[in-house]
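Participant: when you get a sec, could you give me coordinates for this:
(one chain, ligands or ions: 2)
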Amino acid sequence: MPWQLNTEFTFDSAHVITGYDGPCGRLHGHTYRVRLELSADRLRSSAHVRRAIMVADFKTLKWAKKDVQAGGLDHAYLNDLLGDDTTAEVIAAHIHGETLRRVRDTLDPGDQGQDLCLKVILWETPDSNCEYWE
Ligand SMILES: Nc1nc2c(c(=O)[nH]1)N=C([C@H](O)[C@H](O)COP(=O)(O)OP(=O)(O)OP(=O)(O)O)CN2
Ligand SMILES: [Zn+2]
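Facilitator: Ligands and ions are numbered 1, 2, ... in the order given. Below is the predicted model of the structure:
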């Protein structure tokens, strides 16, 4: 893969790990940090520029930092969006699926995006993170 795009951002959200026997079973919040690594073997156009000069637009990748009322995860109650199991593992997998879906939505008709490979790293606290990729 000749190109790898990396971007990082944070969002602030509340959650409960339902049924967790400890503090994480009570309502609390985190400043989550997200790192996205998207590789591709060719460049593409974006909604903002028609020439094929990007792996994907950073604006597309950073959807999750938007306010929940604008479609992101910032100032969300994550259990409302994801259900009871709001572990870093589940949130990272959700961000992976939603990010790839949004990137694929920007591709030209007929482009399946089969060369695209995404890794998500989600920090729940400064010293604990989860990586998810397919
Ligand atoms: N594998 C996972 N374990 C835990 C998760 C998780 O998502 N995946 N989540 C939690 C809780 O959400 C908790 O808020 C975070 O736990 P922890 O890292 O223990 O948080 P602290 O930094 O506050 O803990 P210290 O005891 O101060 O180190 C728990 N486990
Ligand atoms: Zn937590």
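
Participant: in this structure, which ranges drop under the pLDDT threshold?
Facilitator: For the chain, not a single residue meets the criterion pLDDT under 70.

Participant: list the buried ones in the helix or strand where residue 97 lies?
Facilitator: Of the helices and strands defined by DSSP states H and E, residue 97 is found in helix 88-105. Within helix 88-105, the residues that qualify as buried are 88, 90-96, 98-100, 102-103, counting by 16 or more other C-beta atoms under 10 Å. C-beta here means a position set from N, CA and C on the backbone, and glycine is covered the same way.

Participant: by contact count, what packs against the helix or strand following that helix?
Facilitator: Tracing the chain C-terminally past helix 88-105 and defining elements by DSSP H and E, one meets strand 117-125 next. Contact here means 3 or more C-beta pairs under 8 Å, 6 or more residues apart in numbering; DSSP states H and E; on that basis strand 117-125 packs against strand 28-40, helix 88-105, strand 128-133.

Participant: in its sheet, what does the shortest one sit against?
Facilitator: Going back to what we said before, that points to strand 128-133. Strands that pair with strand 128-133, judged by DSSP bridges, come out as strand 117-125 (antiparallel).

Participant: may I see the buried residues of the partner strand?
Facilitator: Applying a neighbour-count criterion of 16+ other C-beta under 10 Å, the buried positions in strand 117-125 are 117-124.

Participant: got the contact list for residue 73?
Facilitator: Counting by C-beta atoms under 8 Å, 6 or more residues apart in numbering, residue 73 makes contact with 11, 13, 32, 64-66, 81, 95.

Participant: now do the phi/psi pair for the nearest residue to residue 52 once chain neighbours are set aside.
Facilitator: Distance criterion C-beta to C-beta, 6 or more residues apart in numbering; nearest residue to residue 52, sequence neighbours excluded, is residue 43 at 4.8 Å. Dihedral angles phi and psi of residue 43 (degrees, to the nearest 10) take the values phi -100, psi 160.
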